[in-house]
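1. With the sequence up front, the predicted model follows.
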Amino acid sequence: GAVVSQHPSRVICKSGTSVKIECRSLDFQATTMFWYRQFPKQSLMLMATSNEGSKATYEQGVEKDKFLINHASLTLSTLTVTSAHPEDSSFYICSAVASGADNEQFFGPGTRLTVL
Amino acid sequence: GEDVEQSLFLSVREGDSSVINCTYTDSSSTYLYWYKQEPGAGLQLLTYIFSNMDMKQDQRLTVLLNKKDKHLSLRIADTQTGDSAIYFCAERAPALIFGKGTTLSVSS
């Protein structure tokens, strides 16, 4: 099946710093990628929809200036958590929809962010 | 808005069948999905069902869909300890809307 990678898998940073998380589709092109956030023992919450070559669409309550999304190519989307705070600590998961096949999303393995 | 509901916990003995239930609200969802998440890991797509189907079987997994009641279930036959995980049902509207997940605990 299609593979989606995320980098890094884990990151620990100090409060106030920015962290960039990469999401790559390894063997297919993805015009649409989604970014989700998962708190411990809770479900995934959609943060934003990332479309290649255009601005991301953010869900209600998600600050676009804090969570910067760039989808510069058909295989890469990045999420940058700016001026991170401890409450941003979470598990961030991306998914990618293969171009021309919108019935399945392929998920990355997730990135565990811990802000001290 | 869209909403997906699941029971939070299920405990079974090894070898028994597990049935995880889910209700959803968006009747326009074309596909409904079941995902598995093991501790500290991402999501693994287990199976999905097209909305015009009532049932789909895939080895030990059976998905039942009652579109009238907007009810989806996942049956795992001969449940093994390796099946212990969190199971999420999801509907597509258009991004996936997930339930809170059902934690399946399998005892030997």
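-> That came through, no problem.
2. Work out for me the element the residue nearest the centre of chain A sits within.
-> For chain A, A:Trp35 is the residue whose C-alpha lies nearest the centre (Cα atoms, centre = their mean; 3.7 Å). A:Trp35 is part of strand A:30-38, with elements assigned from DSSP states H and E.
3. just how off-centre is that strand within its chain?
-> 6 Å (Cα atoms, centre = their mean, to the nearest Å).
4. residue contacts, the closest residue to A:Trp35 other than its chain neighbours?
-> Once flanking residues are discounted, A:Trp35 sits nearest to A:Met47: 4.6 Å by Cβ to Cβ, 6 or more residues apart in numbering or on different chains. Yep, even glycine has a C-beta here, placed from its N, CA and C like the rest. Residues in contact with A:Met47 (Cβ atoms under 8 Å, 6 or more residues apart in numbering or on different chains) are A:Trp35, A:Tyr36, A:Arg37, A:Tyr58, A:Glu59, A:Val62, A:Phe67, A:Leu79.
5. and if we set it to 6 Å?
-> A:Trp35, A:Arg37, A:Glu59, A:Val62 (Cβ atoms under 6 Å, 6 or more residues apart in numbering or on different chains).
6. Could you list the paired strands of the strand holding A:Trp35 along with their orientation?
-> strand A:44-51 (antiparallel), strand A:90-98 (antiparallel) (DSSP bridges).
7. Mean neighbour count, the ones you listed: which tops it?
-> Compared across the strands paired with strand A:30-38, strand A:90-98 shows the largest average neighbour count, a mean of 24 (mean count of other Cβ atoms under 10 Å in any protein chain shown).
8. which element follows that one toward the C-terminus?
-> Counting by DSSP H and E, the next helix or strand C-terminal to strand A:90-98 is strand A:105-107.
9. Could you list every helix and strand that that following strand packs against?
-> When contacts are defined as 3 or more Cβ pairs under 6 Å, 6 or more residues apart in numbering or on different chains; DSSP states H and E, strand A:105-107 sits against strand A:90-98.
10. wait, B:Arg92 sits on B:Asp26?
-> No - the criterion here is Cβ atoms under 6 Å, and B:Arg92 misses it with B:Asp26 at 8.3 Å.
11. neighbour-wise, which of those two wins?
-> The residue with more neighbours, out of B:Arg92 and B:Asp26, is B:Arg92; 21 against 15, by other Cβ atoms under 10 Å in any protein chain shown.
12. what's the distance between the helix-or-strand element of chain A with minimal mean pLDDT and the middle of its chain?
-> One helix or strand of chain A scores below all others by mean pLDDT, DSSP states H and E: strand A:105-107, with a mean of 84. Centre-to-centre, strand A:105-107 and its host chain are 12 Å apart (Cα atoms, centre = their mean).
13. what is the mean pLDDT for the very next helix or strand once past it?
-> On the C-terminal side of strand A:105-107, the nearest following helix or strand under DSSP H and E is strand A:111-115. For strand A:111-115, the mean pLDDT works out to 95.
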